[in-house]
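Engineer: dropping the sequence and predicted coords here.
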Amino acid sequence: MPKAALFDMSGNRAGEVELSEAVFGIEPNENAVHAAVKNYLANQRQGTQSALTKGEVAYSTIKPWRQKGTGRARAGYKGSPVWYHGGVAFAPKPRDYRYSLNKKVRRLALKSALSAKAAGEEIVVIRDMKMDEIKTRTFAELLRKVGADGKTLVVTAGPDTNVVKSARNIAGVETAMASVLNPYAVLCNTRLVIAEDALAKIEEVYA
């Protein structure tokens, strides 16, 4: 059964915690992870790019020069895509890149990502992860003590303003709630710091 190091809020080692085999101990499915990451990135695209086609640019309809006898290439209008200030051939237009992914694939991808982190011993569990006040220095010191001072994803059980605001100014640190955890965020970070109650929620939902 996979295990993770358990620490208290002082950064002291408090033993180990057993992780659910059904969530943190499966064989990672690379195809599912690829599909989930591709879907996540596509859904983040704004799709606001736009350019004018030759039918939308403003130009004079007069023929630039006579058809023959000038030695230059024949030209019919100044809005041609080959001309400076002309329209764009096959111009991009605003569109929605979002698409849905099968729920079973999303669940399998997240469990695969979590299992890969567990296998690499990159998961740290914090007991009673709470901050009495917003204190970036205190939270940064905690992460340093638990060996998560690089790219780190901090997972909370629910909205926790003090933890989120304490972590947001630390370079390389992201926060997320257990209910909105996604494979992309898990894989993009070197360490996964999970609150003990958030771990229970993840295992309850995905086991």
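Structural biologist: Thanks, I have it. Owing to the predicted nature of the structure, the values given are computational and were not obtained by experimental measurement.
Engineer: any idea how far the lengthiest helix in the chain is from the chain center?
Structural biologist: Ranked by residue count, the top helix of the chain under DSSP state H comes out as helix 103-119. Put simply, helix 103-119 sits 15 Å off its chain's centre (C-alpha atoms, centre = their mean, to the nearest Å).
Engineer: what is it packed up against?
Structural biologist: Here helix 103-119 touches helix 21-24, helix 30-44, helix 183-188, helix 196-206, going by 3 or more C-beta pairs under 8 Å, 6 or more residues apart in numbering; DSSP states H and E. In this view, the C-beta of every residue, glycine as well, is placed from N, C-alpha and C.
Engineer: for the ones you listed, give me JSON lines that also has distance to residue 76, mean neighbour count and mean pLDDT.
Structural biologist: Output for the helices and strands packed on helix 103-119, formatted as JSON lines (distance: least, C-beta to C-beta, whole Å; neighbours: other C-beta atoms under 10 Å; pLDDT from 0 to 100):
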{"stretch": "helix 21-24", "distance to residue 76": "65", "mean neighbour count": "18", "mean pLDDT": "93"}
{"stretch": "helix 30-44", "distance to residue 76": "40", "mean neighbour count": "16", "mean pLDDT": "96"}
{"stretch": "helix 183-188", "distance to residue 76": "49", "mean neighbour count": "19", "mean pLDDT": "94"}
{"stretch": "helix 196-206", "distance to residue 76": "63", "mean neighbour count": "18", "mean pLDDT": "92"}
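Engineer: let's have those in a markdown table, adding distance to residue 147.
Structural biologist: Output for the helices and strands packed on helix 103-119, formatted as a markdown table (distance: least, C-beta to C-beta, whole Å):
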| stretch | distance to residue 147 |
| --- | --- |
| helix 21-24 | 18 |
| helix 30-44 | 25 |
| helix 183-188 | 17 |
| helix 196-206 | 17 |
